[in-house]
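A.B. asks: coords please:
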Amino acid sequence: MTSRTDIHSAIDHALTKRGYDALTPVQEAVLAPELRDADLLVSAQTGSGKTVAFGISLAPTLMGDEAVLGRAGTPLAIVIAPTRELALQVERELSWLYGEAEARIATCVGGMNMMTERRTLERGVHIVVGTPGRLRDHIERGSLDLTSIRAVVLDEADEMLDLGFRDDLEFILDAAPDQRRTLMFSATVPKAIASLAKRYQTNAVRVTTAGEQKQHLDIEYRALSVAPNDRENAVINVLRYYDAKNAIVFCSTRATVNHLTARFSNRGFAVVALSGELSQNERSHALQALRDGRAKVCVATDVAARGLDLPDLELVVHADLPKTPETLLHRSGRTGRAGRKGVSALIVPYNARRRTERLLSDARISADWARPPSADEIVARDDERLLADAHFEAEIGDEETAMVKALLDRHGAEKVAVALMRMHRAGRSAPEELIDAGPVSAPGGSYPERQPREHVPLQNAVWFSLSLGRKQSAEPRWLLPMLCRAGHITKADIGSIRIHDLETHVEISGSAAAKFEAAVGPTRKIEKNVTITRLDGAPEAPARGPRPPKPDEGAARTARSGGSWDSDGERPQRAKPDYAKKRPFTGGKSKRHDRPPRDDVYADKKPGAGDDLPAGATPGVWPYDDVAPAKPSAAPAKAGADRHSPKKPGGRKFAKPEGGGGYAEGAGKPAKPGGKAGKPKGDRPEGGTEQPGAAAAKAKKPHRKGGSAGSAQDNRPGSGGLKRKPKA
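C.D. replies: Got it, this is the predicted structure:
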């Protein structure tokens with residue numbers, strides 16, 4: 001690359017040494033003379049060289065006309081990145097870019113030793129790269145001094161706001177001097193980024209590049225339609241078909257990352273994992289293994305979707321579909337960087353077809369819809385690679401001639417070729433057999449019209465019985481997906497479905513029956529309460545009991561009406577049943593037991609003025625004297641000496657005899673209604689005095705614990721009272 005007057009000489013030398021022959025559009029845009037000291041709001045597609053762009057733009061601000069940076073002290077610039085991986089990557093890029101300028105660069109990221117970072121800052125640095133949370137910690141602890149800051153760079157600013165770092169960013173920007181440059185780099189500029197730029201930038205210049213809103217021209221997007229239970233097998237076939245130097249498989253959760261990592265490792269792939277639950281040391285080792293070639297596949301969450309740059313990354317696989325168009329663009333942007341070609345493959349289940357089309361439309365991406373590579377296609381692709389291997393074009397060396405002649409003489413050309421082919425295939429995982437559900441429909445929602453499928457008898461069909469039927473609301477519309485999902489088969493392998501009262505018979509082709517049974521397993525359960533059983537031959541429908549004879553119309557109408565119909569066809573008035581008749585008044589809730597039963601249920605009705613009264617009867621008076629209720633007898637006269645007088649309402653239970661004396665001698669307590677007679681008490685003297693010996697009984701009664709002093713039992717051992725000494 002030739003020297004340019006608009007690039008600082010030290011940066012120019014570094015770019016030349018790195019092999020930069022031409023700058024990217026965003027790098028060219030920031031070199032405009034009018035942007036030398038201006039605040040910038042730069043938006044460009046991912047993988048466009050934004051890190052080198054702001055490194056070039058910062059050089060005049062940090063060095064001026066000096067060839068190299070001076071002695072390191074307090075930082076001159078601070079670069080903020082959303083993730084630890086991106087911060088460490090920015091530090092590596094700036095290290096070689098400012099190598100000729102003798103710059104000292106420090107990192108402050110979470111997960112690293114904070115004491116080591118503090119000692120590095122104390123020794124003096126020119127540029128600090130870090131994550132928002134760790135930078136704020138250093139500022140609050142006083143280990144990071146921002147008084148000399150000349151420029152602040154926010155890399156992937158939109159991602160930092162999405163991750164909830166707005167408070168930390170505002171704290172850092174408020175702590176920096178007002179006289180500074182503020183550069184914001186982002187793939188998109190949403191409303192939140194625009195408001196942040198308006199608050200913390202002065203007369204910011206918006207820089208956009210051509211093709212910012214277009215899809216990456218160096219990335220081939222492929223949407224692969226699969227069965228929902230075939231997604232993992234499809235990912236394996238995609239990795240085998242492309243055989244990329246480096247590939248990333250994106251998942252939505254950490255649990256899926258761990259699951260796929262274990263499965264790929266068992267299948268012979270050199271795989272590493274990358275997720276938020278790993279420590280910084282583990283994540284750094286995983287990325288280094290990809291760069292060194294020790295690993296070829298990285299299974300990651302969206303933590304690796306931003307800023308991650310792997311030079312040999314050729315393939316991105318979306319095992320779980322992204323939720324937003326921005327996430328799709330950032331995931332796919334890990335490949336096709338700096339002019340290199342790449343492939344972004346989306347694994348699309350059948351039931352997510354419409355959602356994926358909307359996602360691609362919102363991201364303004366056109367993808368090729370197809371099926372995942374089949375086993376035959378993968379084997380053919382392996383053979384093509386073997387035939388095109390560069391080793392066949394190399395000349396035979398002198399030291400190799402003798403061994404070649406010995407191999408051909410001993411084994412022959414065919415056996416040598418077979419051995420070479422077997423060795424080439426030995427280190428590769430066997431491809432998976434995928435479910436074939438027919439051709440893929442045209443993109444854009446233009447699905448072919450659904451034609452009614454004629455029933456074609458299956459070859460060597462096997463019948464199975466399911467332990468549910470019509471009484472369990474069994475229907476083919478949900479039985480069919482359940483069978484396909486549990487047995488790993490397609491609807492083309494299923495024939496007749498016969499639903500009976502308590503069981504269902506299903507016909508499955510002979511080629512898929514063994515696969516179906518193996519997928520279900522020995523438990524024979526395809527759902528929690530659904531069990532399958534293999535039948536011998538075609539089943540017979542269970543016999544039904546005879547139906548009751550259907551009555552004629554006249555009998556049916558008679559039964560419905562409760563009586564016969566008139567000759568003219570008029571419906572007669574239905575007679576009221578016995579339970580609908582009006583009952584006579586019985587005088588309240590309690591039953592009347594003083595009336596004998598009568599044949600006429602209305603015989604006890606009290607006649608009114610409008611009723612037909614017998615001769616001599618008076619309205620409101622019972623006409624039957626023999627059953628008229630008797631009036632209650634008057635209360636007995638009060639007898640003062642009668643101790644058996646009834647209880648008075650609200651009064652005492654027993655009346656005392658005249659004179660205020662006690663009960664008569666030998667008299668017992670009156671008996672309660674329905675109870676036993678009271679026991680006779682002892683002799684009681686007149687005047688209500690106590691019985692003889694009552695005082696002695698009280699004296700013999702044990703004294704209660706803690707009782708009053710002076711009791712006869714106070715000196716008793718164990719007593720609760722006070723112990724007193726006997727008087728002399």
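A.B. asks: Buried residues in the one helix or strand Asp12 maps to, which are they?
C.D. replies: Asp12 belongs to helix 9-18 when assigned by DSSP states H and E. Of the residues in helix 9-18, 9-15 count as buried by neighbour count, 16 or more other C-beta atoms under 10 Å. C-betas here are computed from N, CA, C, even on glycine.
A.B. asks: how about the residues you listed in JSON lines, adding distance to Ile149?
C.D. replies: Formatted as JSON lines, these follow (distance: C-beta to C-beta, whole Å):
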{"residue": "Ser9", "distance to Ile149": "24"}
{"residue": "Ala10", "distance to Ile149": "21"}
{"residue": "Ile11", "distance to Ile149": "20"}
{"residue": "Asp12", "distance to Ile149": "25"}
{"residue": "His13", "distance to Ile149": "26"}
{"residue": "Ala14", "distance to Ile149": "23"}
{"residue": "Leu15", "distance to Ile149": "26"}
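A.B. asks: between these, which is closest to Ala176?
C.D. replies: Nearest to Ala176 among these, counting by C-beta to C-beta, is Ile11 at 23.6 Å.
A.B. asks: Next, the contact list for the residue lying closest to that closest one once chain neighbours are set aside, please.
C.D. replies: Spatially, and ignoring its direct neighbours in sequence, Ile11 is nearest to Ala59 (5.0 Å; C-beta to C-beta, 6 or more residues apart in numbering). Contacts of Ala59 were listed using C-beta atoms under 8 Å, 6 or more residues apart in numbering, and they are 7-8, 10-11, 98, 101.
A.B. asks: how close does Ala59 get to Pro539?
C.D. replies: Going from Ala59 to Pro539 by C-beta to C-beta, to the nearest Å gives 83 Å.
A.B. asks: And His488, by the same measure?
C.D. replies: 24 Å.
A.B. asks: Which of those two has more residues huddled nearby?
C.D. replies: His488 (19 against 16; other C-beta atoms under 10 Å).
A.B. asks: Helix, strand or coil: sort out the residue nearest to that one when sequence neighbours are not counted for me.
C.D. replies: In space, and not counting its chain neighbours, His488 is closest to Ala519: 4.4 Å by C-beta to C-beta, 6+ apart. Here Ala519 is recorded as helix under DSSP: H, G, I helix; E, B strand; the rest coil.
A.B. asks: Surely Ala247 forms part of a strand?
C.D. replies: Yes - secondary structure of Ala247 (three-state DSSP): part of a strand.
A.B. asks: Need phi/psi at the closest residue to Ala304 other than its chain neighbours.
C.D. replies: In space, and not counting its chain neighbours, Ala304 is closest to Leu274: 5.1 Å by C-beta to C-beta, 6+ apart. With angles defined as degrees, to the nearest 10, Leu274 sits at phi -150, psi 110.
A.B. asks: Can you verify my assumption that Leu274 contacts Val297?
C.D. replies: No - between Leu274 and Val297 there is no contact under C-beta atoms under 8 Å: 10.9 Å.
A.B. asks: list the contacts for the residue nearest to His488?
C.D. replies: Applying C-beta under 8 Å, 6+ apart, the residues contacting Ala519 are 486-489.
A.B. asks: let's see 7 Å
C.D. replies: The contact partners of Ala519, by C-beta atoms under 7 Å, 6 or more residues apart in numbering, come to 486-488.
A.B. asks: any chance of those in CSV, with secondary structure, pLDDT and distance to Val42 too?
C.D. replies: CSV is the format used below for the contacts of Ala519 (DSSP: H, G, I helix; E, B strand; the rest coil; pLDDT from 0 to 100; distance: C-beta to C-beta, whole Å):
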residue, secondary structure, pLDDT, distance to Val42
Ala486, helix, 85, 53
Gly487, helix, 86, 54
His488, coil, 83, 50
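A.B. asks: what's the closest of the residues you listed to His259?
C.D. replies: For those, the nearest to His259 is His488 (17.8 Å; C-beta to C-beta).
A.B. asks: So what's the residue count around Ala204?
C.D. replies: For Ala204, the neighbour count with other C-beta under 10 Å is 18.
A.B. asks: thinking it is in contact with Ala197, fair?
C.D. replies: Yes - under the criterion of C-beta atoms under 7 Å, Ala204 makes contact with Ala197 at 5.4 Å.
A.B. asks: Mutual contacts of these two, please.
C.D. replies: Applying C-beta under 7 Å, 6+ apart, one finds that Ala204 and Ala197 are jointly contacted by Leu41.
A.B. asks: for the helix or strand hosting Glu140, which positions count as buried?
C.D. replies: Here Glu140 sits within helix 132-141, counting by DSSP H and E. Buried residues in helix 132-141, defined by neighbour count with 16+ other C-beta under 10 Å: 132, 134-139.
A.B. asks: now stretch 228-244
C.D. replies: 229-242, 244.
A.B. asks: go on, stretch 485-496?
C.D. replies: Residues of stretch 485-496 classed as buried: 486-490, 492-495 (neighbour count, 16+ other C-beta under 10 Å).
A.B. asks: For the lengthiest helix in the chain, buried residues please.
C.D. replies: Among the segments of the chain that qualify as a helix by DSSP state H, the longest is helix 398-426. By neighbour count with 16+ other C-beta under 10 Å, helix 398-426 contains no buried residues.
A.B. asks: Next SSE downstream of that helix?
C.D. replies: Next along from helix 398-426, by DSSP H and E: strand 462-466.
A.B. asks: for that following strand, packing partners?
C.D. replies: On a contact count with 3 or more C-beta pairs under 7 Å, 6 or more residues apart in numbering; DSSP states H and E, strand 462-466 meets strand 504-508, strand 530-534.
A.B. asks: Out of those, which gets nearest to Met63?
C.D. replies: Using C-beta to C-beta, the nearest of the helices and strands packed on strand 462-466 to Met63 is strand 530-534, at 74.2 Å.
A.B. asks: Nearest to Ala413 among the buried residues of stretch 485-496?
C.D. replies: Within these, the smallest distance to Ala413 is 43.2 Å, found for His488 (C-beta to C-beta).
A.B. asks: Could you measure from that closest one over to Ala370?
C.D. replies: For His488, the distance to Ala370 equals 22 Å [C-beta to C-beta].
A.B. asks: count of neighbours near the residue nearest to Ala304?
C.D. replies: Neighbour count of Leu274, defined by other C-beta under 10 Å: 21.
A.B. asks: same thing with Ala286?
C.D. replies: When neighbours are defined as other C-beta under 10 Å, Ala286 has 21 of them.
A.B. asks: which residue packs closest to it, ignoring adjacent ones?
C.D. replies: Sequence neighbours aside, Val272 is the residue nearest to Ala286 in space, at 4.0 Å (criterion: C-beta to C-beta, 6+ apart).
A.B. asks: Secondary structure element for Thr116, which one?
C.D. replies: Using DSSP H and E, Thr116 falls in helix 114-123.
A.B. asks: Now do that helix: everything it contacts.
C.D. replies: The contact list for helix 114-123 (C-beta under 7 Å, 6+ apart) reads 106, 108, 143-144.
A.B. asks: wait, what's in contact with the residue nearest to Ala273 when sequence neighbours are not counted?
C.D. replies: Spatially, and ignoring its direct neighbours in sequence, Ala273 is nearest to Thr261 (4.4 Å; C-beta to C-beta, 6+ apart). Thr261 is in contact with 271, 273, 299, counting by C-beta under 7 Å, 6+ apart.
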